[in-house]
Structures are given as structure tokens and as C-alpha cells.
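S.K.: one predicted model, sequence on top.
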Amino acid sequence: MSELLKSDRAMKSVQQELDEIVGPDSLVEDHHLKDLKYLDAVIKETCRLYLALMNRTASRACTVGGYTVPQGSKVFVNSWAIHRDPQFWDEPSEFRPERFLDGGTFDFMGSSSSFKYVPFGSGRRICAGVSLAERLLKYVLGSLLHRFEWRVADGEEGGVDLSDEFTLFIKKKRPLVAVPASRLPAGLELLAY
Ligand code: HEM
């Protein structure tokens, strides 16, 4: 939501898609999700930029990239760095959902992108909730953007502040305070609650 509030272009594109696929006389439903390609790209781009670390324990000694990893070592996979590696991503620090529309082959499984994109991990210990999380993210964000126009609250100096605190998870330093205004016809607003 913070990135969308900073990018008029992305916000317009995602809302235009919602208007076309869902329309003004309906609410976001499960069957719309597969057609919301730009929303999918917004979520993938957000997961690229704002998810951080995973950990593993080496069950046996092995060599990775020329380094010996002794048995029992704790190993952190720095997906923050992988997701911002300029070898793999053009302008890696930019929020550009379109990169997931053109590329087309990225899903959340990790291996299909040769491990360039691993927001939910990969392999046997991949996030067990990946399908639920993907659907929920689309459904909740899609509904919020379809039902409301958003603006940064008055008094939020300098607009949206994207600075973060880097830990196992990335946390905003200053919470986003955003104000919604309805963009649906009055009858549907009632249905929504
Ligand atoms: C945006 C939402 C979520 C993100 C970004 C996320 C991300 C992750 C990541 C990175 C891992 C570590 C994977 C690895 O080590 O390879 C993980 C593990 C896990 N996640 Fe999620 N997750 C999310 C939502 C959920 C939900 C909704 C559930 C359950 C309903 C869930 C259940 C789990 C479980 C059980 C594991 C441990 C899997 C294992 O060790 O075998 N996650 N998640």
C-alpha cells in the first residue's frame, strides 16, 4: 500500500484493472483473482522488495559456492539480497510491478526462477501457507483498492516514508497512516459490510 501511494502510475493501473475485471457493480470475488494480473504483479513486486531472511541447518557438511559449510551450521538465506541483485533485476530498488508482467514465468515456488525469486522459500521446507497467503493477499489488497481511494493522512510529513528496520522481517520505521474514501455506489457499500 505504501509503494502504491508513492506511485500514481501503479495505483491507477491496479485500480483500472479492478474496474475492468470486477466492475463498479460488484465486489472482488474468488473467481476474479486469476484475471487480476496487474494486482498479482503488485504483490509479487512487494514480496521481492520487502521480505528478508530464511534459515536452515546443514544436516551434513557440504560445499556451496566454494565455501565449506560444516554439518550443524546455521545458514541464513538472504532473500533480501537475492531479490535486489542487479545481476538478475533491472533497477532492483525500483518498485516496478511491470517486471512480473513481461517476464511472466515467476511463481512463488523458487525453483521455477532458478532461485532468483524466493519470497516463500523453496524446496521441502517452502512456506506451508503459500497458496493461502497468495489468495488472501490478492483478495484483501484487491478489495481495499477496488472499494476505496486512498490518500496519505494529513499531517504525515513528507508523505509516505519507506524507511525500514532490517531484521528477520522488514518492518516500516514509521507506520503508514492512510485515509480511505469510498469509490463504490452507495448500495454496494452496504453489501460490503
Ligand atoms: C505473506 C505471507 C507469508 C510469507 C511471506 C511467508 C513466508 C515464509 C517463509 C519465507 C518461510 C520459510 C521457508 C523456507 O525456509 O524455505 C515460511 C515457512 C512457513 N510458513 Fe509461511 N509465509 C506466509 C504466510 C503463511 C501462512 C498464511 C501460513 C499458514 C497458514 C504459513 C505457514 C508456514 C509454515 C508452517 C512454515 C514452515 C514450513 C516448514 O518449515 O516446513 N505461512 N513462510
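M.R.: Right, received. Where do you want to start? Numbering: from 1, shown residues only.

S.K.: which parts of this structure sit against the ligand?
M.R.: Counting by C-beta under 6 Å from any ligand atom, the chain comes close to the ligand at 51, 54, 119-122, 125-129, 132-133, 137. The way it works is simple: take the backbone N, C-alpha and C, and place the C-beta from them, glycine included.

S.K.: at 5 Å what do you get?
M.R.: 54, 120, 121, 125, 127, 128, 129, 132, 133 (C-beta under 5 Å from any ligand atom).

S.K.: which parts of this structure are helices?
M.R.: Applying DSSP state H to the chain gives helices spanning 2-6, 8-21, 37-50, 79-83, 99-103, 130-147, 186-192.

S.K.: and the furthest pair within the residues of the chain next to the ligand?
M.R.: 54 and 132 (18.3 Å; C-beta to C-beta).

S.K.: more neighbours, those two?
M.R.: For residue 54 versus residue 132, neighbours defined as other C-beta atoms under 10 Å are more numerous around residue 54 (19 against 10).

S.K.: got a ChimeraX select line for the buried ones in the residues of the chain next to the ligand?
M.R.: Entered in ChimeraX, the line below selects the buried ones among these, by 16 or more other C-beta atoms under 10 Å:
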select :54,120,121,133
